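In: Return atomic coordinates for the entry below.
(2 chains)
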Amino acid sequence: MPWVFACCLAFHAALATSRGWSEEAAATTPPPAAAAKSPEPPKPLLEQEPFDLILLDSANGDKQLKVVPMMDGKRKSPFAVDLAAKYRVRPLDKEGVEFEVDGKHIVRIELFEEQLLKEARRLIAANDFDGAFKYILLLQANYPELPGLNDTIKEFLYLDAFQLTRNKQFSEAMGIVEDLFRMQRDYRYNETAQPLPEFLGRLIDKLMSGYVEQGNFWVARTLLNRLSSEYGNDRPPTVDNWKEQLSQMAIQKRDEARKQMEAEQFHEALVSIRQMFNIWPDAQGGAELRAELARRYPLVTVGVLQSVRIPDAQRLDDWAARRTGRLLNRDMIEFHGAGPEGGQYDFQSGSIEHSEDRRTMILRINRVTEDSSAATAFDVANRLLDYANATSPSYSEAWAALISAIQVRGTQEVDVQLRRPHVLPEAVLRVAQRPAPVTGDSLPAGNGRFAMAVRTDAEVRFVVKGFRVGGKLAEITERRFSDGQQALAALHRGDVDMVERIPPAEAVRIRKEAKETDIQVQPYTLPTVHMLVINSSKNPFLAQRDFRRAIEFAVDRQTILTQEILAGTEVPGCQLVSGPFPVGASDSDPLGYAYDARIRPRPYDPRLAKLLSTVAQKQVADLALKRGDAAPKLAPLVLGFPDFDTARITCQAAAAYLKAIGLECALKQFPPGETRDSKGECDLVFTEIAVWEPAVDASRLLGLGGPAECDSPYVQQALRRLDAAQNWGEVRERLLQVHRSVHEEAAVIPLWQMVDFLAYHKRLTDVGDNLVWLYQNVDQWRISNEAKN
Amino acid sequence: MPCNKMGWIVVFAAALAAARDACGAAGEWEYTPYRIHIWLALAPAPGLNTIVRDEITATIRRRAEVEFRAAWEVSVSEPPPVLAAEMTADLDRLTVAEIAQAAEARLNDDKLICVTVDASPFEMRVRARELDTHTRLWGPTIEHSVRNPEQLGATTYACLLDAFAPIARIELGETRTATVRLRAGGLALEDKSAARISIGDVLVPILRTNDRFGKPLPDRTAEIPWTLLQVTGADRTNRNLLSCNVYSGMRAPLRGKSSGRRERYAVKARITRNRTEVKVQVRPLKADQVPVPLAGLEVYSRVPAPEEPRQQTAEEAKADEKKNPPEFVGVTDWRGTINITPAAQSPLRLVYIKSGDQLLARLPLAPGRELEQVAEVPDDGPRLQAEGYIKGLNSELLDLVSQRQIIALRFRKRLSDKKFDEAQKLLDELRSLKSRGDIQRDLDEQMHRQIPSPYASVQARIDKLYSDTRSMLNKYLDSDLPNQLMQELRKARGEIPSTTPDSPPAKGPATSRSQWKSGSRQPA
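Out: Now for the predicted structure:
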């Protein structure tokens, strides 16, 4: 069973690595000066040159001769000395010398491997298992047939496991005991020692108790299942005891859930059912109960990384606001994906047409909206006028600048006259269907199908208004996790049905394993762009474009993306960018129409960054001198970021790079739900932007009041020219100019384009394809009623 | 020239008469009262009857007597019937031509103040509007309301007082200063009198062009655009002669003297609103050109210092700016407009309109005097576009020059350490950077894309931007650096001999003894 030994020893190798080879570290540490003069301790046998030991008789003074190993290839332990033979040997310490030893004077010959084994035993007896392990490893590799080696290994495993158990390292001990169990199930160290099956059982108890106490039932079940399948009928009896115990716990939860359902506490019932499945999925009646709950109150739990403060589907810089805005509010015109010429839009109350000269937009009202209200032409027209009213809270300067007149024709048609032809006036018109009613509650209300029922730091619950039994969906609960890995673990456990965003590296891995799991992964169809937005009004250094460029050259964005964010995994679509617009998922992706591929991202060049930083600081000092003021001091840059892991990792890494060129940074994490620097305390802010219609979103992003507001007159001029574009050719050409202007100004520090992925359990169906945002197809979602896991 | 004594006497007498006329004219201007005529029109509403009219009239007379004493000569009457209805319906529609037709004599007064009184069940509304007959220009319509009928007279008086604006005559105008003579100043003895103009007050200069009979030509009297005066002091000998600073967006708008055909007046600015909307649009090149608003222009403003404006050097201007820096007001919106509010320190503000680094206009403004004022400037868009591109190119150039220098330093260090392979890599890296030729090509392409400007001055600035950039390219971007470094590398490697300019000339061809012996005279 050499493979068993190999496995054991491999496990030990891992264990030894985890313990840390302090002995090796100590061996490489130079001795202190005071001890320099003392004689060096003898090398361990393992590190010495191999030798055989010949023990001579008393006539020769009981001498021990160390000789070069004899008879290579014909060695057999124990060495049978032929008294009549004369053995030609070479002393170890005298090179080139050979002499004969008469067999009749030889008491014994200890082969080197026997010495190693003896030393191993000595170390085992001294509880030096790490030391012993090296000898065993060597012996197993080179002398697998050495008599006594197997027993020594078993002894080693047993005693090592015993010591680990005493040190409460049950998991490690368990592995070793299992190895021993596979070697010899009835092994017993000595008469007084516990039989191995009992030892194993005790360890299983310790481990299972710990897992149950921590609520780590998935690991507990995995352990029991493995033990059952591996040992079959030879499994320790405690395995069955534990299975029964878990089953009872699950049944308790089942009963609790049933009571809660009877009391129509459906949310609580689902929590109990989830706990039941987590403890023991095969609990009797559990699957049926869950199916019944899914039928009476279909509830979907979504793991989210960012909580929402104010739902708003039009926010460019707030993922959570966009996500939840769609639930609470339905906009008059909604974006639902990229098309061959800009985005594709849906008018909730009917359809949109354009005149040939694109100076008239015709809205035909012929559909009942989601809140069952039938908007009339007058309703729509009033809303459009309100949108152009400078005193209205819904005022849109872009819309006001575009329209010249609105006419109502009958009850079902509204004609909007434009001041100039526009390629996508509906993109300018993304506004709420009607103003959200003002209530005395702290929870935002809207005209969508869902209402926010509960909001805590840990979760937010959205309930379907007027739900009736039999409906597809009753509630969506969003549960917040601090990072994607935790959320994914919850998905695997069944604590959530869906995770809105998982780490891209994990997404790639899970997709490869798709057939083996119940988890479905798909990308969002439109990427986001990550960037550092600059607050140049606060800091005179950041007002210098040389300083801003210095920051861009100083940060190795490629390494941060590939190593820190993507963990070395190649994820198509995730790449550096040189401007504020997405590149698109591929070369043929129409979304990339705003991106000028000729502009390369500024490379990582810390020397140049340092030089530019110095130049900029001198410029600031010179300007102050000319004004007669004292030169401002360069304070640490405050780098703000929202509360999710990608932002945190990026900013921590960026701060380290900036520090390397002499720019100190202070990090500031925003409260949950915040994505902007509301207090104006930050110099740089990590921002995640969804620019899905660059022809219109460029101004919303970079214009006055936008999340990446840029006061450069050149960028603003480029934006004005873009707003005045009358056909797609002009739009494209002017967007490229915007890109160039932003790049030249270093108005933002572009990071990368990110493709995001969502993951969900297969029991959640009709989630939809080519999703722009999570709840795009929420009206069709269905949680499976199948009575299985 | 007259030859005899009588002739000289005649000439002298004529000159004396002319001087007396001038003094007489000035004296009449200063020492005769304002002839104020008030048309009082009451709407046909319950409670507004002749008794009310009489009470209002009496109040006006009484209060004017107290306030203005001799400076005002007030008369009150009903308007001509043909104008009364229009007045009460919409006071803003009344025109000078209508008045001239219905009551031309009234245009001989100094001021005609049209007052209407209307009543609703809840309040009475008084409106007043002044027509200055010297300039033939209307003032703003002032509106007051009152609920207590007993206060109607006082309210009416207060309304017409707000509508009244004292007038001065511009006696002398220079580029940056002017002297004005206050109407009825000799009779308005109290400093607080509403007929007086004080230090710090803002005056609106008006140019009136007359026919040969001295009558104002229709539509030839107007405010001098974007020009305001601010009173800085009074003459020591005559407090009715006021010194003013001239602030204007035009050059020398008041130079020269008035004449019979050209009269210049200055009316005190009335601030009746809490803001003025300034609209900036493209200065048209043709008369029928549709106005194009200019969005995105940066607007600054400051309150001018009371000292006389003067020609300043750049350093003086900067020192001034430091003492009294312009305040950023905002950026013009998509309609080219921006609101300017009155300053607490002064009714006058200087407004600066900038496009990028270029100052497009420096205009005086009395915020609140007008609801809207339009400023026309050349379309600076093409120049701004060029400036943006050039600045970007400068940044790129800085990066490039820096990178080249850094690589060159590192390259030479490698040479000195004899790490020739690494030096070669650095040289390759240097070659991969953009060259001067690449940038010049980019510059040429951009010049082709550049939008030309129809304004010669703007186009000249654009051309200068590009030519300065070319010069800078040639100056800072040495195209020979890669070759230089390559030569250094080859020398360091020994591929080419290193010779110095002062090294002795090479000796003649060396011949070896063997070659000599063989008879070969060819150099080794």
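In: does A:His106 really touch A:Ile54, like I thought?
Out: Wrong residue type there; residue A:106 is Ile, not His. Yes - contact status for A:Ile106 versus A:Ile54: in contact at 5.9 Å, counting by CB atoms under 8 Å. C-betas here are computed from N, CA, C, even on glycine.
In: Please identify which of these two sits among more neighbours.
Out: Neighbour totals were compared for A:Ile106 and A:Ile54, and A:Ile54 leads with 24 against 20 (other CB atoms under 10 Å in any protein chain shown).
In: got the contact list for stretch B:53-60?
Out: B:38, B:40, B:42, B:74, B:76, B:78, B:117, B:152-154, B:156-157, B:160 (CB atoms under 8 Å, 6 or more residues apart in numbering or on different chains).
In: Buried subset of these, written for ChimeraX?
Out: Listed next is the ChimeraX selection for buried residues among these, using 16 or more other CB atoms under 10 Å in any protein chain shown:
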select /B:38,40,42,74,76,117,152,153,154,156,157,160
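In: For the contacts of stretch B:53-60, name the two members farthest from one another.
Out: B:Glu78 and B:Ala154 (20.6 Å; CB to CB).
In: Can you add secondary structure, distance to chain A and pLDDT and give the contacts of stretch B:53-60 back as CSV?
Out: Output for the contacts of stretch B:53-60, formatted as CSV (DSSP: H, G, I helix; E, B strand; the rest coil; distance: CB to the nearest CB, whole Å; pLDDT from 0 to 100):
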residue, secondary structure, distance to chain A, pLDDT
B:Ile38, strand, 38, 96
B:Leu40, strand, 37, 95
B:Leu42, strand, 36, 93
B:Val74, strand, 43, 93
B:Val76, strand, 41, 94
B:Glu78, coil, 41, 93
B:Val117, strand, 32, 94
B:Leu152, helix, 34, 93
B:Gly153, helix, 37, 93
B:Ala154, helix, 35, 94
B:Thr156, helix, 33, 95
B:Tyr157, helix, 35, 95
B:Leu160, helix, 33, 93
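In: between the contacts of stretch B:53-60, which is nearest B:Val329?
Out: Ranked by distance to B:Val329 (CB to CB), the contacts of stretch B:53-60 are led by B:Leu160 at 34.3 Å.
In: Now the residue lying closest to that closest one once chain neighbours are set aside: which helix or strand?
Out: Ranked by CB to CB, 6 or more residues apart in numbering or on different chains and with sequence neighbours excluded, the top spatial neighbour of B:Leu160 is B:Ala128, at 4.4 Å. Following DSSP states H and E, one finds B:Ala128 within strand B:124-132.
In: Go ahead and name everything in contact with the helix or strand following that strand.
Out: For strand B:124-132, the succeeding helix or strand toward the C-terminus, using DSSP H and E, is strand B:137-138. With contacts defined as CB under 8 Å, 6+ apart, strand B:137-138 is touched by B:96, B:129-132, B:206, B:221-223, B:267.
In: Hmm, B:Gly392 is touching A:His739, no?
Out: No - B:Gly392 sits out of contact with A:His739 when judged by CB under 8 Å, with a separation of 11.7 Å.
In: and these two? which has more neighbours close in?
Out: A:His739 (25 against 19).
In: Spell out which residues of chain B are next to chain A.
Out: B:295-296, B:298, B:318, B:322, B:331, B:333-335, B:355-356, B:381, B:384-385, B:387-389, B:391-393, B:395-396, B:398-399, B:402-403, B:406 (CB under 8 Å from any CB of the partner chain).
In: The same query, at a cut-off of 6 Å, please.
Out: B:295-296, B:322, B:334, B:356, B:384, B:388, B:392, B:395, B:402-403, B:406 (CB under 6 Å from any CB of the partner chain).
In: Please list only the buried members of these.
Out: For those, buried by 16+ other CB under 10 Å: B:295-296, B:334, B:356, B:384, B:388, B:392, B:395, B:402-403, B:406.
In: which of these sit farthest apart?
Out: Longest span within these, CB to CB: B:Trp334 and B:Ile406, 45.2 Å.
In: Give me the nearest residue to the closest residue to chain B within the stretch 251-400 of chain A, chain neighbours excluded.
Out: Nearest residue of the stretch 251-400 of chain A to chain B, counting by CB to the nearest CB: A:Glu397, 6.1 Å away. Nearest residue to A:Glu397 in three dimensions, chain neighbours excluded: B:Trp334, at 6.1 Å (CB to CB, 6+ apart).
In: Following element in sequence after the helix or strand of chain A with the lowest mean pLDDT, please.
Out: Within chain A, no helix or strand scores below helix A:22-28, which has a mean of 37 by mean pLDDT, DSSP states H and E. Sequence-wise, the next helix or strand downstream of helix A:22-28 (DSSP H and E) is strand A:52-56.
In: No further queries at this time; thank you.
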